[in-house]
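Colleague: structure for this input, please:
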Amino acid sequence: MKSWYSNTAPKLETKSSKSLIHSFIVKEHEGLTINPYQGCQHRCGYCYATYEWSPDFYDKIYAKSNAPEILERQLKSSKFKCMKPVMISSATDPYQPAEIRYGLTRRCIQVLQKYKASYYVFTKSTNILRDLDLHKRYRDNCFLVWSITTCDEKIRRLIEPGTPPADAIFSVIRKFVDAGVCCAVNIDPILPLITDSEVHLDEILDACSDNGVGYVFGAVLRLRADIWERMKTVLISLDIREGIPQYQKTIFQFLEPIRSGVNIGSSKSYENRILGKLRDRVKSKNIIPDFPAFLWNTPAMPDQNANTINQGNQITLMKYV
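Modeller: Sure, this is the predicted structure:
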């Protein structure tokens, strides 16, 4: 199996996109998302976006060079006169290193702000600090979510070698909190036998509490054939003996091989125990154990050249995971 880890920087290329803002449906729930980039330099071993159609996901980053223009064209259309908040982004980190060169996320956010569209950002990056003033001026209509998997540097360097350390991320979060921007932390995925202990979760939660994070939520790892191959390498590298059979027999309860395209969740007993424990620990820190369920019901006053976008109720992201 080709390892996800590499000391070689990915190749950066540009391409044009025919559309940028898309609907996504998971079960009965719907949402909107934009992805200014394809591929991701963070090289997370558990990444859900590394489908078979994207074998070079870690090694080649495509910047959608016309993303801001396409986004504005779409927002002008009648199809998007009534919108739910926009997720930035669903399949790759919008503030990965490529953003420093291309600035596409920043320009797309400027378009969303122009059209008074609510948005929420998912990132693991510290590069978002460059846009502190951009988000600060829109703080009543956006929120920012950092996905933090671990505060353990040994584990982080193995499972997500392209991400910054947790202490650097929390330093950035503190600056956004002090600026009055709503900030959340998503502990996702929680990795069975690796990052699911109370001690491990409390390291993250203590840092959230110390830095003024208002919301914390999380989810347990899901397996797919390619993710399972990478996770086996992680378990072996961390010398977690019996980890592979425990994943197979107890936690995820599956037989190999995992069929292509099949997603496997953990057993309900394990999931309920871990997420219940997380929720209790979050509440004990006086943090809200959920996704920020803001209500944006006030009709927006658009830019004089923009169409009006009516703000709907925010859908809890936990329904999508």
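Colleague: the longest helix in this protein is where?
Modeller: helix 268-284 (DSSP state H).
Colleague: surely Arg230 is in contact with Gly45?
Modeller: Yes. Contact criterion C-beta atoms under 8 Å: Arg230 and Gly45 qualify, at 4.2 Å. Every residue, glycine included, has its C-beta placed from N, CA and C.
Colleague: list the residues that contact both of the two?
Modeller: Residues touching both Arg230 and Gly45 (C-beta atoms under 8 Å, 6 or more residues apart in numbering) are Trp4.
Colleague: out of everything not next to it in sequence, what's closest to Ala98?
Modeller: With sequence-adjacent residues excluded and distances taken as C-beta to C-beta, 6 or more residues apart in numbering, Ala98 is closest to Ile61, at 4.9 Å.
Colleague: for burial, what's the neighbour tally of that neighbour?
Modeller: A total of 24 residues lie near Ile61 under the criterion other C-beta atoms under 10 Å.
Colleague: now the longest helix of the chain: how far from the chain's centre is it?
Modeller: Distance of helix 268-284 from its chain centroid, counting by C-alpha atoms, centre = their mean, to the nearest Å, is 20 Å.
Colleague: count of neighbours near Gly265?
Modeller: Neighbour tally, Gly265, other C-beta under 10 Å: 14.
Colleague: for it, give its distance to Ile274.
Modeller: 12 Å (C-beta to C-beta, to the nearest Å).
Colleague: any shared contact partners between the two?
Modeller: Between them, Gly265 and Ile274 share the contacting residues Val220, judged by C-beta under 8 Å, 6+ apart.
Colleague: please, where are all the helices along the protein?
Modeller: 67-76, 98-102, 104-114, 132-136, 153-159, 166-178, 198-210, 225-237, 243-246, 268-284.
Colleague: nearest to Pro10, out of these?
Modeller: Checking the helices of the chain against Pro10 by C-beta to C-beta gives helix 98-102 as the closest, at 8.3 Å.
Colleague: mind listing residues that contact the closest one?
Modeller: 12, 14, 36-37, 41, 61, 63, 65, 105-106, 125, 127, 130.
Colleague: can you pick the most crowded of these?
Modeller: Going by other C-beta under 10 Å, Thr105 tops the contacts of helix 98-102 with 30 neighbours.
Colleague: ok, now which ones touch that one?
Modeller: 36-37, 88-89, 94-95, 99, 131.
Colleague: and the residues you listed, which of them are in strands?
Modeller: 37, 88 (DSSP state E).
Colleague: TSV for the contacts of Thr105, including pLDDT and distance to Pro292?
Modeller: Listed next are the contacts of Thr105 as TSV, based on pLDDT from 0 to 100; distance: C-beta to C-beta, whole Å:
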residue	pLDDT	distance to Pro292
Pro36	97	23
Tyr37	97	25
Ile88	96	15
Ser89	90	18
Pro94	98	18
Tyr95	98	19
Glu99	98	23
Asp131	98	19
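Colleague: pull out the buried members of the contacts of Thr105.
Modeller: Among these, the ones that count as buried by 16 or more other C-beta atoms under 10 Å are 36-37, 88-89, 94-95, 99, 131.
Colleague: now the two most distant members of those residues.
Modeller: Tyr37 and Asp131, at 15.3 Å, using C-beta to C-beta across the buried ones among the contacts of Thr105.
Colleague: longest strand of this structure?
Modeller: The chain, longest strand under DSSP E: strand 182-190.
Colleague: now it: mean pLDDT?
Modeller: For strand 182-190, mean pLDDT rounds to 97.
Colleague: what strands line up against that strand, and which way round?
Modeller: Its sheet considered, strand 182-190 pairs with strand 142-147 (parallel), strand 215-220 (parallel) by DSSP bridges.
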